[in-house]
Each structure stands twice: as C-alpha cells, then as structure tokens.
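1. No letters, just coordinates:
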C-alpha cells in the first residue's frame, strides 16, 4: 500500500511539472489518447477486447488488494501484541493445563526480552509441569536472580505443588 501511494505521489508530481512547464506534451498526449484509446472506430471494433482487459485488470487488482489487506493486517496485529498481554494469556493457559501453549507464549516474550523474570517463571513452571524438571528449575533459578521476591513466583510455586504434588528434588 505504501509503494502504491509513493508511486501515485511521483505520478502527480510529474503531472504537475508537465502541466506547468511542458504544455505541448499535453496536446501530444491528448491527441494519442483521442486517436488510439478513445477513437470511435477502434472503440466499436475492439470494445470486447478492451472491456475484457479492463475486467481482467479489475479482478487482478481486487485479488491482490484483498490478499494484501487480509495477510498484512493480520501479521501487523500479531506483531503488536504487548508483552503483558502475552504473559497474561500464558498464565491463563498454565492454569487451564495447556502447558505447551503457555510455554510457547512465554518463549515469544523471552525472544523480545530475555531478562523478563515473569516470563522465565511462567516458562519454568510450564516445563516443570510438562515433566522437564531440570530445565524448569534452571529457568526458575535464573528468574530468581532477576526478581528474587516475586509475588508471582510464590503463586506459581503453590500452583505447581498442587498440580504435581511436593517435588522433592526442587526447592527454589
């Protein structure tokens, strides 16, 4: 869309300069358009060809425009979801026992901000609940270095203990 607007801007700048500084070009282009494009004799003989051409161009334009609008806008909205929203959704998935989804959402946050303690706690909890206790404990230790007195860590620890039972090998 931006390229189309840029091209239209250049077209109108060129048209403005032509109108101001080259009036004989206007007469020449007008003659070509009148003789070749809108000539009554040619128009009546080749109206079906030109009509088909314009319909084909319209279909192509609509399909490309629709594809651009649907795909580009969907990707743009996916990029602009805030970290807080992703973490909240990850926490909801964790409480709904959708541990893989919670883990993937936490990974998205950690790709943007590797030092996000809340994401580390949630991803660690998801990994512990998935049975990957070693990786989960390592993430919890890293998160504890970043935010040792996190209220979320206390809540997640209680949740893990109720889901998994008391973990003998894990004491963050």
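-> Nice, I can see it. Owing to the predicted nature of the structure, the values given are computational and were not obtained by experimental measurement.

2. can you pull the contacts of residue 31?
-> Counting by C-beta atoms under 8 Å, 6 or more residues apart in numbering, residue 31 touches no other residue. Just so you know, the C-beta spots here come from the backbone N, C-alpha and C atoms, and that holds for glycine as well.

3. Just after the lowest-mean-pLDDT helix or strand in the chain, pick out the following helix or strand.
-> Within the chain, no helix or strand scores below helix 40-45, which has a mean of 72 by mean pLDDT, DSSP states H and E. Downstream of helix 40-45, the first helix or strand assigned by DSSP states H and E is helix 47-79.

4. List the buried residues for the next helix or strand after that following helix?
-> Counting by DSSP H and E, the next helix or strand C-terminal to helix 47-79 is helix 83-95. Across helix 83-95, burial judged by 16 or more other C-beta atoms under 10 Å covers 86, 87, 89, 90, 91, 93, 94.

5. now the fourth one, nearest residue through space, not along the chain?
-> Taking C-beta to C-beta, 6 or more residues apart in numbering, and ignoring the residues beside it in sequence, residue 90 has residue 105 as its nearest neighbour in space, at 3.8 Å.

6. Quick one: residues contacting the one you found.
-> Residue 105 touches 86, 87, 89, 90, 93, counting by C-beta under 8 Å, 6+ apart.
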